[in-house]
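**Student:** 3D model of this:
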Amino acid sequence: MTMDSETLKTCETIEKDEFFSVFLQDKQEEKAKLATKMTITDQIGKLSEGLEKVSAQLQTQVRDQYGTLLFQANQAGRLNAAVGSVSGHIERLKASADRLKKMVNVPYEQTETQTKILARLHELSHLLRQSGRFLHVYQRLEGAPGLAEQAGVIYELDCLMDDVDLTGIDFLREEIGAVKAVKARLVQTAHRDLFQSIQGEKEDETKNCLRIFLNMKTLGKCLENILETYQRYIKDSIKECFTTSDLSKLRKSDPSGTKDRSEQTRGPGKAPVLTSSTNFRSKLWQALEWLFLDEFHSYCQQIIFLQRCLLYSDLALTDDCKRMAETIGSNFWTNLTRQLTTSFANAQSNTPHVYQAL
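**Tutor:** Coordinates of the predicted model:
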């Protein structure tokens, strides 16, 4: 709808009129001044005149644009009807979506609950099966004829305990404690007997001890521990050779001991220190002779004996253990030469009088 020239003229006249502009622009101060200039009756009359002009123009516009207004009203009605129809469709779609949601959610929640129940039942049944198997294997432990057989049974029990946590089961508490005690005692006994049998070159006892660690799947770790122990013994022997002048105080190495050399009993006071006297060089070479002919020779013999027991026996070695058994001699010799090189190099800087006597 557009305004004709007459309507525009009427609007401009009202906007430019001093009286009407006060109300159109909402000027409070001007309204107060009007109260002093014009009476209430004059103001009402002026406003009535303006309203009549606006009403006349509105009627003119309605009369001139009647068809357009009627068409727009008709379109608005149709639009409202379409909006109402769409709104109804949306509500029906929402209701259908809610029904579908319930149809999906309810079975899903039921399935989820049943799945959780089945999972817990599966865990419980697995726990009960492992508990029954644990008790069955534990009976074999009590009837095992030898330490090697006990080691194999203990390995099976360890695998069962690693698979599921059986420590929270009351009726297995005593059996689990007994298994741990037997394992600790077996490992300690096997370590002690292994070192003693290697030192005494007792082949059958050595193989039996190795079979214990093999059945417990810890033979590789055991061999590494043997090498580390011999390295520590060699280090102590070299240190003792350089610091002790009395040959009678040079102890024969005892690898079978379960304690570290530092823990073995020594005599009171400090060991006599090598002097620069005439007797010094003789005693030093005697100590070196003891070191090489007694200590190192004994250790090398024991390692060779151990390697022979590993490779030429009926032990079912794994590939890793077999490779370690094949290289244990060369690894021992490499560590021995490295320790000797380091010790003599340190003697040059730390104990020059020893180095000068060599």
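
**Student:** Tell me where the protein is predicted with low confidence.
**Tutor:** Residues of the chain that meet the criterion pLDDT under 70 lie in 1-4, 6-7, 15-18, 20-36, 244-278, 348, 350-358.

**Student:** Quickly list the domain ranges of it.
**Tutor:** With automatic domain parsing as the criterion, the domains of the chain are listed as 5-64, 219-255+274-358.

**Student:** how much space between G177 and I90?
**Tutor:** Relative to I90, G177 is positioned 70 Å away (C-beta to C-beta, to the nearest Å). (Each C-beta comes from the backbone N, C-alpha and C, glycine too.)

**Student:** swap in D314?
**Tutor:** D314 is 84 Å from I90, by C-beta to C-beta.

**Student:** okay, those two: which has more neighbours?
**Tutor:** I90 (10 against 6; other C-beta atoms under 10 Å).

**Student:** elements contacting the helix or strand that contains the more buried one?
**Tutor:** Per DSSP states H and E, I90 falls inside helix 66-142. Where contact means 3 or more C-beta pairs under 8 Å, 6 or more residues apart in numbering; DSSP states H and E, helix 66-142 is packed against helix 147-163, helix 173-199.

**Student:** contacting residues around V179?
**Tutor:** V179 is in contact with 138, 141, 154, 157, 161, counting by C-beta atoms under 8 Å, 6 or more residues apart in numbering.

**Student:** same thing but 10 Å
**Tutor:** Applying C-beta atoms under 10 Å, 6 or more residues apart in numbering, we find V179 in contact with 134, 137-138, 141, 153-154, 157-158, 160-161, 172.

**Student:** Which of the residues you listed sits closest to Q286?
**Tutor:** I154 (48.3 Å; C-beta to C-beta).

**Student:** State the number of residues packed around the closest residue to the closest one other than its chain neighbours.
**Tutor:** Nearest-residue entry for I154: K183, 5.0 Å, with adjacent residues in sequence omitted and distances by C-beta to C-beta, 6 or more residues apart in numbering. K183 sits with 18 neighbouring residues when counted by other C-beta under 10 Å.

**Student:** do you know how far K183 is from M161?
**Tutor:** With C-beta to C-beta as the criterion, K183 and M161 are 11 Å apart.

**Student:** and if you look at F332?
**Tutor:** For F332, the distance to M161 - C-beta to C-beta - is 35 Å.

**Student:** who's more crowded, the two?
**Tutor:** A side-by-side neighbour count of F332 and M161, using other C-beta under 10 Å, places F332 first with 22 against 17.

**Student:** Which helix or strand contains the more buried one?
**Tutor:** helix 319-350.

**Student:** Give the buried residues for that helix.
**Tutor:** 321, 324-325, 328, 332, 335-336, 343, 347 (16 or more other C-beta atoms under 10 Å).

**Student:** show me what contacts F305?
**Tutor:** F305 makes contact with 197-203, 206, according to C-beta under 10 Å, 6+ apart.

**Student:** next one: phi and psi at it?
**Tutor:** Backbone dihedrals for F305, given as degrees, to the nearest 10, come out at phi -60, psi -40.

**Student:** what does G200 give?
**Tutor:** The phi/psi pair for G200 (degrees, to the nearest 10) is phi -90, psi 0.

**Student:** doesn't T206 make contact with it?
**Tutor:** Yes - counting by C-beta atoms under 10 Å, T206 is a contact partner of G200 at 8.9 Å.

**Student:** and of the buried residues of helix 319-350, the nearest to L79?
**Tutor:** C321 (88.6 Å).

**Student:** any idea whether L166 is helix, strand or coil?
**Tutor:** Three-state assignment for L166 (DSSP: H, G, I helix; E, B strand; the rest coil): coil.

**Student:** separation between the spatially closest residue to it that is not a sequence neighbour and N346?
**Tutor:** Of all residues not flanking L166 in the chain, L172 sits nearest, at 5.3 Å (C-beta to C-beta, 6+ apart). From L172 over to N346 the distance is 55 Å, taken as C-beta to C-beta.

**Student:** ok so, going back, common neighbours of G200 and T206, please.
**Tutor:** The contact lists of G200 and T206 share 302, 305, where a contact means C-beta under 10 Å, 6+ apart.
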